[in-house]
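Trainee: Here is a sequence together with a model predicted from it:
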Amino acid sequence: MQNLSSLEIERRPLHEEVAERLRTLITEGRLAPGARLNERVLCELLRVSRTPLREAFKVLAAERLIELNPNRGASVVALSRGDVEQLFELMSALEGLSGQLAAERRTDAELVEIRALHSEMLAAHARRDLPVYYGLNRRIHQSFNRCARNAMLTETYESVNIRIQNLRFRSNFNQDKWENAVREHQVMLDALETRDGIALRAVLETHLRNKRDAVLEQWAEIDRQQHEAVEGSFGRAQSLNADRQALRPAST
């Protein structure tokens, strides 16, 4: 007789679901760097009580996505220009090593999976659906890292990568740079197929440097938005309606 426990549907704890939703809001910039997190608004938006929300805050604080201040509550981490330069420098090296090892160690099944993700990503790009495109893009990069089969590399990769998701997302706001990123992904796929680890490492390192440059070109605007978010959180009272509007799902 079949073990009935194998038929059970796995369910994540509620606070993990909340944390994942907040990560998405941070990545897409609807929870802006520097902004205070309004517990009342978030509980209403996510339809949860404060207990799972606060547990989710602890998870995101450990990931260095938010800061917990006893006097001012939780706020989204705002990075300095120096932070950005150093994080992308490190991420470039981690992506490059992941790619080199992936080309050497990937299986045929993994190649098929990445090809499928690439095709879906191209379709999202064609219809200019940036949130969907970015989600698929991120899965491709994570697949390279998974194919590398190095647990220590993955641990470091994930801890750094999660801190720059919003910046990687907004690096595609410039249409020319978005087009170039798509072309680079085709080169990545070609190198993975031919098991050319040196070529895959090189294009991934270039890809991350280009992401960094795209972000730094926007830095004056990013810095202004971060300061406005902080001033809006602590210098004046914000209405619930304004907060709700900012957190509505993005149109695509």
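Mentor: Now that the structure is in, tell me what you want to look at. Residues are numbered from 1 along each chain as shown.
Trainee: per the record, what domains does the protein have?
Mentor: With domains defined by automatic domain parsing, the chain comprises 13-77, 81-217.
Trainee: Please verify my assumption that residue 96 contacts residue 206.
Mentor: No - using CB atoms under 8 Å, residue 96 is not in contact with residue 206, being 9.1 Å away. C-beta: built from backbone N, CA, C; applies to glycine.
Trainee: Show me which positions of stretch 189-208 end up buried.
Mentor: 189, 191-192, 196-197, 199-205, 207-208 (16 or more other CB atoms under 10 Å).
Trainee: wait, stretch 108-116
Mentor: Here stretch 108-116 shows 110, 111, 113, 114 as buried, counting by 16+ other CB under 10 Å.
Trainee: Excluding its own residues, what touches that stretch? List them.
Mentor: 106, 140, 143, 144, 146, 147, 189, 192, 193 (CB atoms under 8 Å, 6 or more residues apart in numbering).
Trainee: circling back: could you point out which of the domains of the chain sits nearest residue 230?
Mentor: Distance to residue 230, taken as CB to CB, is lowest for domain 13-77 among these, at 4.2 Å.
Trainee: for that closest one, how far is the first residue from the last?
Mentor: 24 Å (CA to CA, to the nearest Å).
Trainee: How far off centre is that domain?
Mentor: 15 Å (CA atoms, centre = their mean, to the nearest Å).
Trainee: go on, stretch 189-206?
Mentor: The answer for stretch 189-206 is 22 Å, by CA atoms, centre = their mean.
Trainee: same check, this time on stretch 123-130
Mentor: Using CA atoms, centre = their mean, the offset of stretch 123-130 from its chain centre is 18 Å.
Trainee: Repeat that for stretch 182-193.
Mentor: 20 Å.
Trainee: Also stretch 138-157?
Mentor: Counting by CA atoms, centre = their mean, stretch 138-157 comes out at 14 Å from the chain centroid.
Trainee: So for the residue lying closest to residue 18 once chain neighbours are set aside, what's the pLDDT?
Mentor: Distances taken as CB to CB, 6 or more residues apart in numbering place residue 56 nearest to residue 18, at 3.9 Å, with adjacent residues excluded. Residue 56 carries a pLDDT value of 98.
Trainee: if we can go back for a sec, ok, which of the domains of the chain comes nearest residue 229?
Mentor: From the domains of the chain, taking CB to CB, the stretch that ends up closest is domain 13-77, at 3.8 Å.
Trainee: Quickly note the distance from residue 201 to residue 69.
Mentor: 41 Å (CB to CB, to the nearest Å).
Trainee: ok so, going back, can you put the domains of the chain in CSV and add distance to residue 226?
Mentor: Formatted as CSV, these follow (distance: least, CB to CB, whole Å):
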stretch, distance to residue 226
domain 13-77, 4
domain 81-217, 11
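Trainee: re earlier: check which helices and strands the helix or strand where the residue nearest to residue 18 lies is in contact with.
Mentor: Residue 56 belongs to helix 50-62 when elements are defined using DSSP states H and E. Packing partners of helix 50-62 (3 or more CB pairs under 8 Å, 6 or more residues apart in numbering; DSSP states H and E): helix 14-27, helix 39-46, strand 66-69.
Trainee: buried set for the last one?
Mentor: Which is strand 66-69. 66, 67.
Trainee: Any chance you could list what contacts the following helix or strand past it?
Mentor: Counting by DSSP H and E, the next helix or strand C-terminal to strand 66-69 is strand 73-76. If you take CB under 8 Å, 6+ apart as the criterion, strand 73-76 is touched by 26, 31-37, 39, 57, 61, 65-69, 229-230, 233.
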